[in-house]
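Task: produce atomic coordinates for the following.
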Amino acid sequence: MSPANPIPEMFEIVDEAGKVIGIAPRRQCHGNPALIHRSVHIIVLSRDGRILLQKRAADKDIQPGKWDTAVGGHLLVGEDYETAARRELSEEIGLPASTPLQAVFTLKVRNAIESENVQVFLAVSDGPFQAQASEIDELRFWTWPEIDAALPTAVFTPILTQELAKLRTMPTPQAP
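This is a model prediction of the structure:
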């Protein structure tokens, strides 16, 4: 296909139980909350407990310019959660796919724009990081006091806000 008409990114559609029931293009999934699809997020902590966040690129179709989990992405057709997490870790922030990961919790995100089943992983790393320019405008570590001060300003994505609330209830994470 020509660059003016690129091949659309395809997502597997799942039912409420997580069983694959079909495939649809990204543009349909982001705009039709009836199409449940799957994604991964990776919370990256520094060894001293700060949280790495990414500022989403200004041209993203969902939550442009907002601060979000360090790594996030959708599963490709036929991919499992861990494989997707390792691929996204390498693509988005340049960490090796072999970086130790720990699955920490899941979220079912349901809103007027989309429906996603999100598997959240944890990694511990001080970098170095290489932000994927097409996805990320900025990467930086945040302390909990900085996060608390920013929460009322709506600079975070709604999903990140949910993840931070869950992270606060967990025992102090250890390096996976």
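
Could you use CA atoms for every contact and neighbour count after this?
OK.

next one: the helix-or-strand element of the chain with minimal mean pLDDT to chain centre, how far?
Counting by mean pLDDT, DSSP states H and E, the weakest-scoring helix or strand in the chain turns out to be helix 26-29, with a mean of 90. With C-alpha atoms, centre = their mean, to the nearest Å as the basis, helix 26-29 stands 17 Å off its chain's centre.

How about stretch 95-110?
Centroid separation for stretch 95-110 versus its chain: 9 Å, with C-alpha atoms, centre = their mean.

Check stretch 52-70 too.
10 Å.

what's the span of that stretch, first residue to last?
One end of stretch 52-70 sits 5 Å from the other (C-alpha to C-alpha, to the nearest Å).

Then stretch 119-139?
21 Å.

any weak-confidence spans in the protein?
Counting by pLDDT under 70, the chain shows low-confidence ranges at 1-6, 172-176.

Quick check: the spatially most central residue of the chain vs residue 118, distance?
Nearest to the geometric centre of the chain sits residue 72, at 2.1 Å (C-alpha atoms, centre = their mean). Distance, residue 72 to residue 118, using C-alpha to C-alpha: 9 Å.

Which neighbours do the two have in common?
Residues touching both residue 72 and residue 118 (C-alpha atoms under 8 Å, 6 or more residues apart in numbering): 39, 40, 41.

Filter these down to the buried ones and hand me the ChimeraX line.
Buried residues among these (16 or more other C-alpha atoms under 10 Å), as a ChimeraX selection:
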select :39,40,41
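
Quick one: residues contacting residue 158.
Under the criterion of C-alpha under 8 Å, 6+ apart, residue 158 has no neighbours.

Ignore what I typed, I meant residue 138.
54, 55, 56, 131.

So which other helices or strands are in contact with the helix or strand hosting the first one?
In this structure, residue 54 sits in strand 51-56 according to DSSP states H and E. Contact here means 3 or more C-alpha pairs under 8 Å, 6 or more residues apart in numbering; DSSP states H and E; on that basis strand 51-56 packs against strand 36-45, strand 67-69, strand 136-142.

Could you export the one helix or strand residue 166 maps to as CSV, keeping only the C-alpha atoms?
Counting by DSSP H and E, the element that carries residue 166 is helix 158-169. Listed next in CSV are the C-alpha coordinates belonging to helix 158-169 (Å, rounded to 0.1, in the frame of the first residue of the first chain):
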residue,chain,number,x,y,z
PRO,A,158,-6.8,8.4,33.8
ILE,A,159,-5.2,4.9,33.5
LEU,A,160,-2.0,6.1,35.2
THR,A,161,-4.0,7.6,38.0
GLN,A,162,-5.6,4.2,38.6
GLU,A,163,-2.2,2.4,38.4
LEU,A,164,-0.7,4.8,40.9
ALA,A,165,-3.5,4.2,43.3
LYS,A,166,-3.0,0.4,43.1
LEU,A,167,0.8,0.8,43.3
ARG,A,168,0.3,2.7,46.6
THR,A,169,-1.6,-0.3,48.1
